[in-house]
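next come a sequence and a model predicted from it.
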Amino acid sequence: MSKTSVSKSPYQFECVLCQGNFSEAQTVTTCLKCHGALDVKYHAAPKIALKNLPSDGFEFLRAIQRLPLNGQALVSLGEGNTPLIHAKKLGQKFGLSQLYLKYEGANPTGVFKDRGSALEITKALELNAKAVCCASTGNMAASVAAYAAKAGIPCYVLIPEKTPLGKLAQAIAYGAHTIKIRGTYVDCVRMATEMSKKHRFYLAGDYAFRLEGQKTVAYELFRQLENEVPDWIVSPIGCGTHLSGIFKGFLELKEVGLTNALPHLLGVQPETVPTIVRAFRKKKARFVPVANPVSLASAVAIGVPQDDVKVLRALYDSRGNVLTCSEEEILAAQRLLGTEEALFVEPSAALPVAILAQAVQKKIFARTEKIVLFITGAGLKDPQSILLSSMDSPILEPTIAELQRYFSSGFAPQGQQKGFFGREAALWRKVPVRSELEKTLRARFGLRLPPETLEHLLLILKEFHEKSSAIRHGDLKYALENVLKTAIGIPKKLNILDFSVQVSQHAQPQAWAKVDFSGKTFLQKAKGVGPVDAVIRAIQKGIREEDTLHARLFDYAVEINTKGTDAVVEVRLGLRAQDGVEVVGEAVSPDIIVASIQAFANAYNLLSWKTLTASLHVE
């Protein structure tokens, strides 16, 4: 095929599919003929000695003329020179003596993408762009926005509507115009592309110039390892730009005569989004699409990866491999990095750790080989995920007596909690027997409960099962939290025995409630503005003559914590006594009304106990 002529330049673009050549004056994103991805090709360079070469990735590449810059000063926030950590504790756990973590979360915006953004925004200045736009699942938006702010260029970012708030907040803080799209990352890419063409904005993203910035980490790693090439590089794969960029860096090190070695690549994807993994295993040249890419590792949940050709070639050329990991393994790895190496990382960054057990079992690498795991982003990018994997902190009254009850009850975990490993998978299809529940609590939370508390937990799980077809990991977690928060010695003055609600389209809901209050049983009916209000009014009507608190609702919040029609509902309900004392009661259930009424009872009992102890001056 004839190649498009280009003007004389130290570098040019080459299409990875049709091998067509282009200058940056023609295109900086995709091939004008076949829309394939572009790669920057440099003119042949002489052999270069290591002596006196800088260690910084960008400066190293300037010295060997392997950056596509034409005199413009680099837009920099101090990216690069990130730590290379010898993960001795983690290595011992998996029997790997030379396990290293390249922590890219130490970059200015907390993510590996800053290397690429530095170069892309510099090129935007060179090309006299009036604004920058990009599509992102969150990390790209924050990074591009930061460097655009440094360069003084307006920035527009298009993100899927469910982007984690931590990433969205960063982009907003840097002054970007953030636009949420009701669709996938692919929809955002399409719209950003159209925006760039219509308004003549520089289109940032996983294109050729970004990869040139990402490859700087290979040079940096080479110098950190005292001019050696690791045996294995392990990295998450989303669009494929990062891992293919790392390999290009090592290829250039070899090309200019600085080493004869190349690393093997091990790419990792969530098992729910295996676009590259499936293609590699079938020896394909292009990705296998995923129509609905969903994972806790949102940064790599890309159903249509833009640099699939590049990353697949890198995997094949490096004689590498690929693995997937489950959502459970991702969350477990995230916690493991925290407890073993004191690194708080976002879920996507935990993928290389999540597959270590698999890799060792399958003998993908030898135990004495030098292995570098790329930890791509800091945990504050997506803090919500780690909250899903651990139980809420207990809420105690400010007395040493209650704290002692907490520790003596056996509820306080000894050492690190093992945490919760996922919300969606079914744990049980029926209520577990006592021995099975005890075993699961020990394995997942490191807890041994007293017999009466264990029975309480079984009753709650039975209620869950009556409302839902299965008991999920999240159900167990929330049921356990409910037990731990209500079983530390607070007496139950109010006990809801049963209730029923009648709802119609045109009339107020009507409810009746049967309650036990201080040993007396009451049955009452009432109407309310909603079903929950009707039940609470019926309860209050029944206990009116015995009630001395005259509590009033001052807060009510509902959170749906899982997906689907059998989702788990968490309710927080605030009550205030007539003397001003306030408490918050909590409860969980697949049924919003059940959770609300249980939260009311928990709040009332806590308020009653708190008022009583205050009047007795109990310490």
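Thanks, I have the structure now.

pop the domain breakdown of the chain in here.
Under the assignment automatic domain parsing, the domains of the chain span 393-486, 494-616.

okay, and for the stretch 1-150 of the chain, where does confidence drop off?
1-8 (pLDDT under 70).

and the strands in it?
Secondary structure of the stretch 1-150 of the chain, counting by DSSP state E, counting those that start in this stretch: strands at 11-15, 21-22, 38-42, 84-86, 98-103, 132-135.

could those go into TSV alongside mean neighbour count and distance to Tyr185?
Placement of C-beta: from N, CA and C, glycine included. Output for the strands of the stretch 1-150 of the chain, formatted as TSV (neighbours: other CB atoms under 10 Å; distance: least, CB to CB, whole Å):
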stretch	mean neighbour count	distance to Tyr185
strand 11-15	23	23
strand 21-22	20	26
strand 38-42	19	20
strand 84-86	16	30
strand 98-103	24	25
strand 132-135	28	6
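
which among the ones you listed is found nearest to Thr324?
The closest of the strands of the stretch 1-150 of the chain to Thr324 is strand 98-103. By CB to CB, the value is 20.5 Å.

following the chain onward from the lowest-mean-pLDDT helix or strand in the chain, which element is next?
Here the helix or strand of the chain ranked lowest by mean pLDDT, DSSP states H and E is helix 473-486, holding a mean of 69. Per DSSP states H and E, the first helix or strand lying C-terminal to helix 473-486 is strand 494-502.

for that following strand, the distance to its chain's centre please.
39 Å (CA atoms, centre = their mean, to the nearest Å).

how about it: buried residues?
For strand 494-502, the neighbour count (16 or more other CB atoms under 10 Å) marks Leu494, Ile496, Phe499, Val501 as buried.

who does the third one bridge with?
With beta bridges defined as DSSP bridges, Phe499 has these partners: Ala513.

wait, it sits on Pro509?
No - counting by CB atoms under 8 Å, Phe499 does not reach Pro509; the two are 11.7 Å apart.

run the chain-centre distance for stretch 380-389.
Using CA atoms, centre = their mean, the offset of stretch 380-389 from its chain centre is 6 Å.

ignore the last one, stretch 306-325
That offset, for stretch 306-325, works out to 23 Å (CA atoms, centre = their mean).

cool, and stretch 239-255?
26 Å.

using CSV, list the CA coordinates for stretch 13-27.
Listed next in CSV are the C-alpha coordinates belonging to stretch 13-27 (Å, rounded to 0.1, in the frame of the first residue of the first chain):
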residue,chain,number,x,y,z
PHE,A,13,2.7,9.0,12.7
GLU,A,14,2.2,5.5,11.4
CYS,A,15,-1.2,3.7,11.4
VAL,A,16,-1.0,0.4,13.3
LEU,A,17,-3.5,-1.1,10.9
CYS,A,18,-2.8,0.1,7.3
GLN,A,19,0.8,1.6,7.9
GLY,A,20,-0.3,4.9,6.4
ASN,A,21,2.0,7.8,7.4
PHE,A,22,0.9,11.2,8.6
SER,A,23,2.3,14.4,10.0
GLU,A,24,0.8,16.0,13.2
ALA,A,25,-0.5,18.8,10.9
GLN,A,26,-2.8,16.3,9.4
THR,A,27,-4.0,14.3,12.4
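
for it, the distance to its chain's centre please.
With CA atoms, centre = their mean, you get 35 Å for stretch 13-27.

same deal with stretch 40-60?
For stretch 40-60, the distance to the chain centre is 36 Å (CA atoms, centre = their mean).

could you check the pLDDT of the residue lying closest to Ala557 once chain neighbours are set aside?
The shortest distance from Ala557 to any non-neighbouring residue, by CB to CB, 6 or more residues apart in numbering, is to Arg572 (4.6 Å). The model reports Arg572 with a pLDDT of 84.

please report phi then psi for Arg572.
phi -120, psi 130 (degrees, to the nearest 10).

which residues does it contact?
Asp555, Tyr556, Ala557, Glu559, Val584, Gly585, Glu586, Ala599 (CB atoms under 8 Å, 6 or more residues apart in numbering).

for it, name its beta-bridge partners.
Under the criterion used (DSSP bridges), Arg572 bridges to Ala557, Glu586.

name the residue most distant from the centre of this protein?
Farthest-out residue of the chain from its mean C-alpha position, per CA atoms, centre = their mean: Glu545, at 51.4 Å.

packing partners of the helix or strand Ala314 falls within?
In this assignment (DSSP H and E), Ala314 forms part of helix 308-317. Counting contacts by 3 or more CB pairs under 8 Å, 6 or more residues apart in numbering; DSSP states H and E, helix 308-317 is packed against helix 241-255, strand 264-270, helix 275-281.

determine which of those approaches Leu437 most closely.
Going by CB to CB, the one of the helices and strands packed on helix 308-317 nearest Leu437 is strand 264-270, 29.4 Å.

quick one: Gln540 from Glu582, how far?
For Gln540, the distance to Glu582 equals 17 Å [CB to CB, to the nearest Å].

tell me which of the two has more neighbours.
Using other CB atoms under 10 Å, the more surrounded residue of Gln540 and Glu582 is Gln540, with 20 against 14.

so the more buried one sits in a helix?
Yes - the assignment for Gln540 by DSSP: H, G, I helix; E, B strand; the rest coil puts it in a helix.

pLDDT score assigned to it?
pLDDT at Gln540 comes out at 92.

swap in Ser389?
Reported pLDDT for Ser389: 60.

over to Ile460?
Predicted confidence (pLDDT) for Ile460: 81.

separation between it and Ser500?
20 Å.

host element of Gln334?
helix 327-341.

the helix or strand following that helix - what's its average pLDDT?
Counting by DSSP H and E, the next helix or strand C-terminal to helix 327-341 is helix 351-354. Across helix 351-354, the average pLDDT comes to 98.

so which bits of helix 351-354 are buried?
Within helix 351-354, judged by 16+ other CB under 10 Å, the buried ones are Leu351, Pro352, Val353, Ala354.

quick one: the strands in the stretch 401-550 of the chain?
426-428, 471-472, 494-502, 510-517, 520-527.

mind putting these into TSV with mean pLDDT?
What follows is the strands of the stretch 401-550 of the chain, written out as TSV (pLDDT from 0 to 100):
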stretch	mean pLDDT
strand 426-428	76
strand 471-472	78
strand 494-502	92
strand 510-517	93
strand 520-527	93
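
which one of those lies closest to Gly71?
Among the strands of the stretch 401-550 of the chain, strand 471-472 sits nearest to Gly71 (CB to CB), with 58.5 Å.

tell me the gap between the closest one and the middle of its chain.
Chain-centre distance of strand 471-472: 22 Å, with CA atoms, centre = their mean.

mind giving me the packing neighbours of that strand?
strand 426-428, helix 451-467.

tell me the strands beside it, with direction?
If you go by DSSP bridges, strand 471-472 pairs up with strand 426-428 (antiparallel).

tell me the contacts of the nearest residue to Met191 once chain neighbours are set aside?
Excluding the flanking residues, the one nearest Met191 by CB to CB, 6+ apart is Leu158, at 5.5 Å. Neighbouring residues of Leu158 by CB under 8 Å, 6+ apart: Cys133, Cys134, Ala135, Ser136, Ile179, Ile181, Cys188, Met191, Ala192, Met195.

and those as CSV, adding distance to Leu454?
Shown next, in CSV, are the contacts of Leu158 (distance: CB to CB, whole Å):
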residue, distance to Leu454
Cys133, 56
Cys134, 52
Ala135, 50
Ser136, 47
Ile179, 51
Ile181, 48
Cys188, 48
Met191, 54
Ala192, 54
Met195, 58
